[in-house]
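K.L.:
Mind looking at a prediction? Sequence and model below.
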Amino acid sequence: MKIRLIAIGILFCMLSACDNFLDIAPETSLSSDSFFRTQADFEQAVGGIYAPLQGLYNQDWILNEMRSDNTFFIYNIAQRGGKQQEDPATFTVETNNTYTLGKWTNNYLIISRANQVLSKMEEASFETSVKNNLKGQALFLRAFAYFDLVKNFGGVPLFLQPATSYKETFQPRAEVAAIYKQIVADASEATKLLPAKAAAVGRATAGAAYTLLADAYINQKAWAEAETALKTVTTLGYSLLPNYGDIFKPTNKGNSEMIFDVQYAEGTSQTIFNALPYLFIPILSDPSVITGVKPATQQTYGGFNVPTPDLLAAYEDTIKDQRFAASIGFYTGTSPLIGIKYDRTPYIKKYLHPHGVYGQTAENGPIYRYAEVLLMLAEVANEQNRVSDAVGYLNQVRKRAGLSDLTSTSQADLRAKILKERQIELAFENKRWRDLVRTGQAVTLMSAISTKVKANPQAYYYPTGSAPITTAFNVSERDLLYPIPVSEIIINPELKQNPGY
């Protein structure tokens, strides 16, 4: 009886305290209100906003570089697990593509984290200069993410505050103009808050914010506004390195040409290394014949982002232009692939530098650098009919490359030359496809490339006797945007799919 009374008493206490018990958060979890208190909390949170940039960069070559006339892939008959990586290049992307979903989710992860920081920033009480810097970084990264989304998907849901309920996440797509308006607002504010020089390599600066702002203006053909932003960048201490190949060396991070890049590190306890250089060389039984790193095992994947014959032919002078030797290597040797021969097979050399661990490199991913600022200035000057100014900016880039100066020419001719110079200077930096789209050349140029692939598949790395499927390389206006991931449409009934998918 005594035991029974004790049990009833315990039950009564539990029931009477039920409301208070349920109100107590688990000790192992933190709410945003309890976390965002100190400067260290905000610094840690802002650092977390950068983390999804690696996820974006790890797949951006699939959706931008291989989508263009710059690179393709070696078709591996025995391994079809990489089909979703190939689909953007063959214009057969489906609405459940893993890499379009990755772009969508990583960008919204950046936006969500930025919104959390920004919503709590005004309540914080620490040094104003530090607070401004952290706020500027959050605004820059939110603008960066929305810019990436609008270029690849068109109008997308616009979130500027943290969602407080599941229902609040069900938003329709905002108009493209509204997305660009927010990008300009965020980037403009970031330019006023960020320092000219970052305290740590890889963090956003005023130069990065001005360059992003100019890029957004160029995509809207707001030439004068873009030029104002770009001229400010030229006053912030950036310069071209004398040697093109030195820009990308892991031993030269934070150099005077790099404005913003995605950070990687080799040999740490965390998985923050860059494995892409191994995907960009041919599949080999012993990849150390190219990488120089032993012990090594036979690759399962590789042969992606392979320079096309069209890109190789685009170089004006492969001897004088130092960008050719710094960017592209060639391999001749035994191939483990069915129907494929490696006879001066090209591969990306730009991001392949000495490293110590097989499959791991510390190669950073370039997003903006000073050479692109000069090429942007050439473009905006030319579009405002200042051909002579445009040629001057263009020749700064050409001179560093080892090429002779161009002379003044017509606006239309110079427009083509600037686009070609961007193709060479920024090769393998995930710019080419969006350049073709924004200049209105994507469908025409890639339709012509598609005809060449179908006519001679082996020149584009298809094995002997094989060819693309009949539904591949049928390029149309629908391909200027990627499909909204079908999983997002299933979850959010307010979303509408892009035309043609």
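P.N.:
Looks like it arrived, so ask away. Numbers count the residues shown, from 1 in each chain.
K.L.:
Val46 versus the closest residue to Phe126 other than its chain neighbours, what's the distance?
P.N.:
Nearest residue to Phe126, sequence neighbours excluded (Cβ to Cβ, 6 or more residues apart in numbering): Gln39, at 4.1 Å. (Each C-beta comes from the backbone N, C-alpha and C, glycine too.) In this view, Gln39 and Val46 are 11 Å apart by Cβ to Cβ, to the nearest Å.
K.L.:
buried residues in the one helix or strand Ala448 maps to?
P.N.:
Using DSSP states H and E, Ala448 sits in helix 442-455. In terms of neighbour count (16 or more other Cβ atoms under 10 Å), helix 442-455 has its buried residues at 442-443, 445-446, 449-450, 452-453.
K.L.:
list the buried ones in the following helix or strand past that helix?
P.N.:
Going down the chain from helix 442-455, the next helix or strand is helix 486-491, by DSSP H and E. For helix 486-491, a neighbour-count test (16+ other Cβ under 10 Å) marks 486, 488 as buried.
K.L.:
How far away from the center of its chain is helix 486-491?
P.N.:
23 Å (Cα atoms, centre = their mean, to the nearest Å).
K.L.:
by contact count, what packs against that helix?
P.N.:
If you count contacts as 3 or more Cβ pairs under 8 Å, 6 or more residues apart in numbering; DSSP states H and E, helix 486-491 packs onto helix 98-121.
K.L.:
Format the CA atom coordinates belonging to the helix it packs on as CSV.
P.N.:
The C-alpha trace of helix 98-121 is given here as CSV (Å, rounded to 0.1, in the frame of the first residue of the first chain):
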residue,chain,number,x,y,z
THR,A,98,20.7,16.1,-58.0
TYR,A,99,22.8,19.0,-59.0
THR,A,100,20.1,21.5,-59.7
LEU,A,101,18.6,20.5,-56.3
GLY,A,102,22.0,21.0,-54.7
LYS,A,103,22.3,24.6,-56.1
TRP,A,104,18.8,25.4,-54.9
THR,A,105,19.2,24.0,-51.3
ASN,A,106,22.7,25.3,-50.8
ASN,A,107,21.7,28.8,-51.8
TYR,A,108,18.7,28.8,-49.5
LEU,A,109,20.8,27.4,-46.7
ILE,A,110,23.0,30.5,-47.1
ILE,A,111,19.9,32.7,-47.2
SER,A,112,18.4,31.1,-44.1
ARG,A,113,21.6,31.5,-42.1
ALA,A,114,22.1,35.1,-43.2
ASN,A,115,18.5,35.9,-42.3
GLN,A,116,19.0,34.5,-38.8
VAL,A,117,22.1,36.6,-38.2
LEU,A,118,20.5,39.8,-39.7
SER,A,119,17.4,39.4,-37.6
LYS,A,120,19.4,39.4,-34.4
MET,A,121,22.1,41.8,-35.3
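K.L.:
And the next helix-or-strand element following that helix, how far out from the chain middle?
P.N.:
Heading C-terminal from helix 98-121, the first helix or strand you meet, by DSSP H and E, is helix 128-153. Chain-centre distance of helix 128-153: 14 Å, with Cα atoms, centre = their mean.
K.L.:
Helix 128-153 vs helix 98-121, what angle?
P.N.:
Relative orientation of helix 128-153 versus helix 98-121 (axes from the mean of the first three to the mean of the last three Cα atoms, to 10 degrees): 150 degrees.
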